[in-house]
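K.L.:
kindly generate the corresponding structure for this input.
(chains A and B)
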2 protein chains.
Amino acid sequence: MIFVQSNDNDFDVKFEELLGRGKMDIAHVSAIVGDIIEDIKTDKNKALKSHIAKFDNWTPKSDEDLKITTESMKTAYENIDEALKDSLHLAYDRIKAYHEKQKPKSWFDTEENGTILGQKVTPVDSAGLYIPGGKAAYPSSLLMNVIPAQVAGVENIIVCTPTPDNEPNELLLAACHLCGVSEVYKVGGASAIAALAYGTETIPKVDVITGPGNIFVATAKKMVFGEVNIDMIAGPSEIGILADESANANHLAIDLLSQAEHDEMASSILITPSQKLADAVKIEIESWLTKLPRQKIARKSIEERGAIIVTQTMDEAIELMNKIAPEHLEVATMSPFELLPYIKHAGAIFLGHNTPEAIGDYVAGPNHTLPTGGTAKFYSPLGVENFMKKSSIISFSSAAINEIGQECALIANTEGLTAHEQSVRVRLK
Amino acid sequence: MIFVQSNDNDFDVKFEELLGRGKMDIAHVSAIVGDIIEDIKTDKNKALKSHIAKFDNWTPKSDEDLKITTESMKTAYENIDEALKDSLHLAYDRIKAYHEKQKPKSWFDTEENGTILGQKVTPVDSAGLYIPGGKAAYPSSLLMNVIPAQVAGVENIIVCTPTPDNEPNELLLAACHLCGVSEVYKVGGASAIAALAYGTETIPKVDVITGPGNIFVATAKKMVFGEVNIDMIAGPSEIGILADESANANHLAIDLLSQAEHDEMASSILITPSQKLADAVKIEIESWLTKLPRQKIARKSIEERGAIIVTQTMDEAIELMNKIAPEHLEVATMSPFELLPYIKHAGAIFLGHNTPEAIGDYVAGPNHTLPTGGTAKFYSPLGVENFMKKSSIISFSSAAINEIGQECALIANTEGLTAHEQSVRVRLK
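P.N.:
Residues are numbered from 1 along each chain as shown, chains lettered A, B, ... in the order given. Purely as a prediction, here's the structure:
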């Protein structure tokens, strides 16, 4: 773990190194992923089956075998216990309520000369959601991808998830039933992304692909971008915490570890002007670590990619955090909303001592699919808008085009586009 | 030109072929563009200068030489005639007014237990706008890219444009002055995109790159996606027209040609249930063609990529048009707004007999940078949102986390993430 003061001599070097961490180097998998995509484009289902045999250790006997039955989803749902069912329904309802508030509306405006200008917002026809499978299959990922697509009004929602040894994750199936998803395919990795982007005999081509995944999935998403739209290219998870002395060191330590337990590549960073808090959090991390089932992963993540930075002031702490642009940002200070105006870049901002990042992973309502690796500087959380697109609306009356047609024709003429010019002039009186 | 009836025997084949037209095959330029990007990443300004010598036929003598002076922009502006100045100002004001209406707002909602959920919308720090140069340098492209970035509130706006023979396009310089842009670099093609994505000694790294360009520019934008955000990957321009017998054949012909004159690869498609209108438009196209300075380009475009399709009904015409998802769609019918609910996919929709597509290219207000090649199924017009991003806002009181914390902890536990679980449990009373 980096444990530093911002006025250390070598701080800038260490901070630069920290900023570079989130970068994913996809160059070394590009060739492999490119081959997988070409394979699926050419041989479709046949290629899918051979990839499944290779990567997931089972061989689909027929095209139908690629699909998970709705009966098995229903059974899986019925088999989970009531408390979990209630919890997932609570999560579903809260996530849905939040995303409905986020849904963009069509709008228009009129001018008295007969002009109408506006924007029509419509859902895409079909969306492909990629959900990692096997042991790391998270029902929450399904909810977070399905619900914005449903709120957007997407007619065809298609889920792909790998099923190693042909054993679907029962929790994921239960969540599919709960969400009302009926089209789920047992296909994973770059093959799934290619199948969704280009279509096969069984899997329909979609317009938008979203969802988390490893570097192969991320690379495939980048490669098919343009053929379809994608949400973002995401890397390992991160948390940044801004805190002052009012924070509880024990709470911050477990919050940092909640990212660290995800992945050895995950990154957990505390920035605070309080040396006392910094020291206390360091001790609490060690104390928590020994109690965690995923201690090994969390320890490696904290040791290799954790950081505690002590600054001179809170302003300086915020400035550094804006440079990091973390996926998750906790503001654990006495008056967190006072700092909000100065926070420029973060995927999600958790304000106050009672808002651990994990509450946003499951039940708060906002999406847990967030930009990583500093990309919060330009990407947004996954949301309803990822499943919608806009059309400009333009309508002119005869009076309206007479009012500004000359100016339009002049610019067109100046650009040397006389058919443009004439298409306006023929309508002028 | 394809001139067909939708009930012809071979219609489906011809229509499929037409749908395939807009696809750009970037595979054959990927290697070249990849090398250019690597070059810029490694050698920065040195590489830029050698690319300029190679592609633009002049050699910058110093780093400062890469930049266009604000004085030369001011002079260019002063040298254009008053009528054009007024027209450009009219365009600027109207485009700005439209984009201001489009600007998303931060929002939040509260629950009575002390929960605050919302979304904070902020501009990106810096945007790089690519504007093609030389003879095809269009001041309108500059306005359409700069204004949404300005309305978004982007602090650093950087323009790159190639200047063959070191001769900047004076109109473009004038437009830069008019828009208040001060940072313009004489760099074009894939090199410019790489410079904006990774930064050089002179050109700052940006967060978002937008703007039109040839296949090299489009490919470079795709390759740097993830390092920065981009608007879209755009191909040749298109127009689709839905019309009935109330339309003026002469007007529709010049509207179709206004796309055709752009580029031999541009595509102009009329779909109508009226055989009479279809026949008349065909004749009017020929009559207009002989009058156009850009006849050669327009004729090739119309012949190789134009289409007139006669359907049985208007419903069928709309259905076909939704499959095409054209960049520009004119609805030249008696009651165009009646059809609007059924139009699913188009970059911009121009309604009524007095709304030629060209009015939207310059002065109407909406953006003229639109999704092409069927990508209107999932991309939106360039807009203010391309220069902004969102952060989720989550704040829980002690009462609020007590209300749903158990459910959250249970899901976390079920997913095997016990640090997540504990980070919630430690806050429960």
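K.L.:
contact residues of the stretch 201-350 of chain A facing chain B?
P.N.:
A:207-208, A:222, A:225-226, A:228-229, A:233, A:250-251, A:254-255, A:257-258, A:260-262, A:288, A:291-294, A:298, A:329, A:336-337, A:340, A:343-350 (Cβ under 8 Å from any Cβ of the partner chain). Where C-beta positions appear, they are placed from N, C-alpha and C, glycine not excepted.
K.L.:
buried subset of those?
P.N.:
Neighbour-count burial (16 or more other Cβ atoms under 10 Å in any protein chain shown) is assigned, among these, to A:207-208, A:222, A:225-226, A:228-229, A:233, A:250-251, A:254-255, A:257-258, A:260-262, A:288, A:292, A:294, A:298, A:329, A:336, A:340, A:343-350.
K.L.:
in helices, which of those residues fall?
P.N.:
Taking DSSP state H as the definition of helices, those contribute A:222, A:250, A:251, A:254, A:255, A:257, A:258, A:260, A:288, A:298, A:336.
K.L.:
all strands in the stretch 1-150 of chain A, in order from the N-terminus.
P.N.:
Counting by DSSP state E, counting those that start in this stretch, the segments of the stretch 1-150 of chain A that form strands are A:2-5, A:67-68, A:107-111, A:115-123, A:126-130.
K.L.:
who in the stretch 51-200 of chain A is up against chain B?
P.N.:
Looking at chain B, the residues of the stretch 51-200 of chain A close enough under Cβ under 8 Å from any Cβ are A:83-84, A:86-88, A:90-91, A:94, A:98, A:101-102, A:104, A:107, A:109, A:115-117, A:119-120, A:122, A:124-125, A:135, A:138-140, A:171.
K.L.:
tell me how far residue A:2 lies from residue A:297.
P.N.:
19 Å (Cβ to Cβ, to the nearest Å).
K.L.:
which one of these two has more residues nearby?
P.N.:
residue A:297 (18 against 15; other Cβ atoms under 10 Å in any protein chain shown).
K.L.:
hang on, that one packs against residue A:258?
P.N.:
No: Residue A:297 is not in contact with residue A:258 according to Cβ atoms under 8 Å; the separation is 11.9 Å.
K.L.:
give the rounded mean pLDDT of stretch A:51-65.
P.N.:
Across stretch A:51-65, pLDDT averages out at 96.
K.L.:
contacts for that stretch next, please.
P.N.:
A:36, A:39-40, A:45, A:48-49, A:66, A:162-166, A:186-189, A:191, A:201-202 (Cβ atoms under 8 Å, 6 or more residues apart in numbering or on different chains).
K.L.:
tell me which element residue A:269 is part of?
P.N.:
Using DSSP states H and E, residue A:269 sits within strand A:267-272.
K.L.:
for that strand, name the packing helices and strands.
P.N.:
strand A:238-243, helix A:249-260, helix A:275-289, helix A:295-305, strand A:306-310, helix A:314-324 (3 or more Cβ pairs under 8 Å, 6 or more residues apart in numbering or on different chains; DSSP states H and E).
K.L.:
could the ones you listed go into a markdown table alongside mean pLDDT?
P.N.:
Below are the helices and strands packed on strand A:267-272 laid out as a markdown table (pLDDT from 0 to 100):
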| stretch | mean pLDDT |
| --- | --- |
| strand A:238-243 | 98 |
| helix A:249-260 | 98 |
| helix A:275-289 | 98 |
| helix A:295-305 | 96 |
| strand A:306-310 | 97 |
| helix A:314-324 | 98 |
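K.L.:
export those to JSON lines and tack on distance to residue A:60?
P.N.:
Listed next are these as JSON lines, based on distance: least, Cβ to Cβ, whole Å:
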{"stretch": "strand A:238-243", "distance to residue A:60": "37"}
{"stretch": "helix A:249-260", "distance to residue A:60": "36"}
{"stretch": "helix A:275-289", "distance to residue A:60": "42"}
{"stretch": "helix A:295-305", "distance to residue A:60": "32"}
{"stretch": "strand A:306-310", "distance to residue A:60": "42"}
{"stretch": "helix A:314-324", "distance to residue A:60": "44"}
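K.L.:
okay, which residue is most central for chain A?
P.N.:
Residue closest to the average C-alpha location in chain A (Cα atoms, centre = their mean): residue A:369, at 3.1 Å.
K.L.:
phi first, then psi, for that residue.
P.N.:
phi -90, psi 110 (degrees, to the nearest 10).
K.L.:
tell me where the model's unsure across the stretch 1-150 of chain A.
P.N.:
A:135 (pLDDT under 70).
K.L.:
specify the local secondary structure of the closest residue to residue A:75 other than its chain neighbours.
P.N.:
With Cβ to Cβ, 6 or more residues apart in numbering or on different chains as the criterion, residue A:75 has its nearest non-adjacent residue at 8.0 Å, and that residue is residue A:173. Look at residue A:173: counting by DSSP: H, G, I helix; E, B strand; the rest coil, its state is helix.
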